[in-house]
Every structure is written in C-alpha cells, then in structure tokens.
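# Dropping a prediction and its sequence here:
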Amino acid sequence: MPVSHSVYAVYGVVVAPPGAAALDSALDTQSQRPGSGNPDDARVQLFTVGDEEHVILATGYVKLEPNEYRAAPSLTIGARWGATLREYVDNLGLLVHSGPCWFFVHDLS
C-alpha cells in the first residue's frame, strides 16, 4: 500500500477539537466566491492532523514540495488573516490552544 506525504506551512490557530464535521458545516457558510488572488482576501479553511487530534483553522497556507525548503520569514501574512481567524473563533465559541502563527503540518496518508 503506497504512502503519500504532504507538507504544508499553515497560518492559523489550533483549536480544541469540536469535531471536523461541525467545523466543515460552519465553514461551508462562507461566501462561495473563488479565490481572488488578493492575499488580504481571507478565507478560513480546516486542517486536521492525525485522527482529528489537532484541528487548525487557517487563513493561508503554502504546500511544500518534496526536497523543498522555505525560510520561515519569507512566509507572508495577509493584513486581514488574524482578524478573520478571531472572528470565526469567537462566532463558533472555540477555545484556541495556540496561534495565530505559522504551523508546519506533515500529512501522511
């Protein structure tokens, strides 16, 4: 059985796991506009690590390819990303464990 690795730099907050299905439902209510390419046009996305052991709400991410590296200071943050995260966390009544900041997520599937 083949194993797939993905690595992401994710700007977001780690929240107490309320269940990914509940968050998926809440995030689906965001306006269904396509990405504008404007880094300040924040859209909240859900990342889970492990079997929902860690849940991250993120407004920005970068996929890192195999054998690629990035300097952490080169990862930019949109002006509205933090405010958008706080708004979602407050509206959903979530407990923030960490962030907002950049997290490195290794997905193994």
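Arrived safely.
# Assign a three-state SS to Pro2, would you?
Secondary structure, DSSP: H, G, I helix; E, B strand; the rest coil: Pro2 is coil.
# For it, give me the pLDDT.
Listed pLDDT for Pro2 reads 75.
# roughly how far apart are it and Ser109?
10 Å (CB to CB, to the nearest Å). The way it works is simple: take the backbone N, C-alpha and C, and place the C-beta from them, glycine included.
# the more surrounded of the two?
Just comparing Pro2 and Ser109: by other CB atoms under 10 Å the higher neighbour count belongs to Ser109, 7 against 4.
# OK, contacts around the residue nearest to the more buried one when sequence neighbours are not counted?
Taking CB to CB, 6 or more residues apart in numbering, and ignoring the residues beside it in sequence, Ser109 has Ser4 as its nearest neighbour in space, at 5.1 Å. For Ser4, the contacting residues are Asp107, Leu108, Ser109, by CB atoms under 8 Å, 6 or more residues apart in numbering.
# what's the weakest-modelled helix or strand in this structure?
None of the helices or strands of the chain scores lower by mean pLDDT, DSSP states H and E than helix 20-27, at a mean of 75.
# what comes up buried for it?
Leu23, Ala26, Leu27 (16 or more other CB atoms under 10 Å).
# No further questions, thank you.
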